[in-house]
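1. Below: sequence and its predicted model.
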Amino acid sequence: MTAIVLLPGMDGTGLLFRDFVAELEAESIIVAYPGDQPLGYAELEQLVWAALPKDEPFILLGESFSGPLAIAIAAKQPPNLCAVVLVCTFAKLPLPWIPAWLQKLVGKSPVARVPVAFTARTVLGPFYSRHLYALLKEVHDMVSPAVWNARLLAVMAIDHTALLAHIHVPVLYLRAIYDKVVSASASALISQYLPQAEVVDFASPHFLLQTKPAEAAVAIRTFAQEHGIPFPYAHHQHYSATAHHRHPGLG
């Protein structure tokens, strides 16, 4: 059977995968990042490589902040990699340029002091719940201010668009149509360089896996089956066209 390696969003804890992993019913390897070490993408990539299965096939999932990590690793074509799933993420920020003065401000800004309530409303929107708020607050407090700033700076500087052409396994992009963090232009850019990628739209906010865990699990299982990848199949699954729709690339 095929395992799935999960790379978390900017918090890096992996705890936000709880509900999704429960729905996925597969062997899940969650790679957590140090909450007290301000590591950049290059250092985190080495950490992820060390966690990859050595003797079994796997699907690599990169959520939000970790999309560039999934892209970088897939471009190097690990022998046991079967597919890549990108969730509300990017190869680079869809901005033409980011001035140096803005990067300096971000590096010194008190990002960690942004109220959790504000962050929750941004990433959850109308799907806000006490359960998800409590979980978000839990992971927020586990990451140091220096780490939050370092990861935000890394996001602003990354550009992995050139690596997309080196990915030769099936790619699935899960896109949230109510995403207020990563715009649709980010997925459009990925499709421009990787036109064979399949995109699935969800009626969800940025926290897609947290607000639509069952539907996301079904989408991934369906994708795996379509590509002949051995993956756990839940007989009770129901694929709702009203929740999301599938299409190859974005053109």
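-> Here it is on my side, so go on. Since we're looking at a predicted model, the values are computed, not measured.
2. which stretches of the stretch 101-250 of the chain aren't confidently modelled?
-> Scanning the stretch 101-250 of the chain for pLDDT under 70 picks out 101-113, 233-250.
3. What segments of it are strands?
-> In the stretch 101-250 of the chain, the strands defined using DSSP state E, counting those that start in this stretch lie at 171-176, 198-202, 244-248.
4. quick one: strands adjacent to the second one?
-> Right, strand 198-202. Taking DSSP bridges as the criterion, strand 198-202 sits next to strand 171-176 (parallel), strand 244-248 (antiparallel) in its sheet.
5. Centre of the chain to the longest one, how far?
-> Here the centre of mass of C-alpha atoms in strand 171-176, compared against the chain's by C-alpha atoms, centre = their mean, to the nearest Å, lies 9 Å away.
6. Begin at 877 from now on, thanks
-> Okay, residue one is now 877; in that scheme the one you just asked about reads as strand 1047-1052.
7. Give me the contacts around that strand.
-> When contacts are defined by C-beta atoms under 8 Å, 6 or more residues apart in numbering, strand 1047-1052 is touched by residues 950, 959-964, 1060, 1063, 1066-1067, 1070, 1072-1078, 1080-1085, 1092, 1095-1096, 1099. Using the backbone N, CA and C atoms, a C-beta is placed for each residue, glycine as well.
8. Run through the bridge partners of the residue positioned nearest the centre of the chain.
-> By C-alpha atoms, centre = their mean, the chain has its centre lying nearest to residue 939, at 0.8 Å. With DSSP bridges applied, residue 939 shows beta-bridge pairing to residue 963.
9. which residues touch it?
-> Neighbouring residues of residue 939 by C-beta under 8 Å, 6+ apart: 882-885, 963-965, 1085.
10. go on, residue 908?
-> Residue 908 is in contact with 884, 888-890, counting by C-beta under 8 Å, 6+ apart.
11. Compare the residues you listed and tell me which is most surrounded.
-> Counting neighbours by other C-beta atoms under 10 Å, residue 888 leads those with 26 neighbours.
12. Can you classify the closest residue to that one other than its chain neighbours as helix, strand or coil?
-> Distances taken as C-beta to C-beta, 6 or more residues apart in numbering put residue 909 closest to residue 888, at 3.3 Å, once the chain neighbours are dropped. Look at residue 909: counting by DSSP: H, G, I helix; E, B strand; the rest coil, its state is coil.
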